[in-house]
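1. Let me see the structure of the following:
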Amino acid sequence: MVTLTTEALNTMRAHAERAFPEECVGALLRDGQVRPLENAAIDRRVAFSISAGNYLALEREGVGVAGFYHSHPDGPAVPSMADARSANEAFLTLIIPVIGGVAAAPRAFRFADDRFIEVLP
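-> Residues are numbered from 1 along each chain as shown. The predicted structure follows:
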């Protein structure tokens, strides 16, 4: 389990607001920090993607990736079907809802047995 710092939570929310009306994406690090990443999706308004280069850079740095966060512009912090297709049981999934350009409280999930299970942030 990862405990995110207040600074990390503020960084994620600010990242989500800057990206609005598109989705943002970033890495959740094992030390409680976050790393905003570039959204490599073709249509960033409805999807997110992490480039292989960004992922490999995190691996090379040895920062210890615990999971990934992304935003849902004008949508709830509930995993979508697209989130399920890209989920990995090894990583935490954190979703930040952004309504009208203002980020709200994120929710965190683990993917196991083909479904998301909410965990405490």
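
2. Quickly find the element holding the residue nearest the centre of the chain.
-> Against the mean C-alpha coordinate of the chain, by CA atoms, centre = their mean, the closest residue is residue 69 at 0.9 Å. Per DSSP states H and E, residue 69 falls inside strand 65-73.

3. Equivalent analysis for residue 55, please.
-> helix 52-61.

4. try residue 12
-> Residue 12 belongs to helix 6-19 when elements are defined using DSSP H and E.

5. what about this structure, any weak spots by pLDDT?
-> 1, 120-121 (pLDDT under 70).

6. Contact partners for the nearest residue to residue 30 once chain neighbours are set aside?
-> Nearest residue to residue 30, sequence neighbours excluded (CB to CB, 6 or more residues apart in numbering): residue 64, at 3.5 Å. The way it works is simple: take the backbone N, C-alpha and C, and place the C-beta from them, glycine included. For residue 64, the contacting residues are 29-31, by CB atoms under 8 Å, 6 or more residues apart in numbering.

7. neighbours around residue 114, how many?
-> 8 (other CB atoms under 10 Å).

8. Can you tell me the closest non-neighbouring residue to it?
-> Using CB to CB, 6+ apart, the closest residue to residue 114 is residue 84 (7.7 Å).

9. Repeat that for residue 45.
-> residue 22 (5.3 Å).

10. ok, that neighbour touching residue 42?
-> No - look at residue 22 against residue 42 with CB atoms under 8 Å: they stay out of range, at 11.6 Å.

11. So for the two, which sits in the more crowded spot?
-> Set residue 22 next to residue 42 and count neighbours by other CB under 10 Å: residue 22 wins out with 19 against 7.

12. list the contacts for that one?
-> Neighbours of residue 22 in contact, by CB under 8 Å, 6+ apart: 39, 44-45, 73.

13. Which ChimeraX command selects the buried ones in those?
-> To isolate the buried members of the contacts of residue 22 in ChimeraX, using 16 or more other CB atoms under 10 Å:
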select :39,44,73
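
14. From the contacts of residue 22, which land in strands?
-> The strands in this structure, assigned by DSSP state E, contain residue 73 from those.
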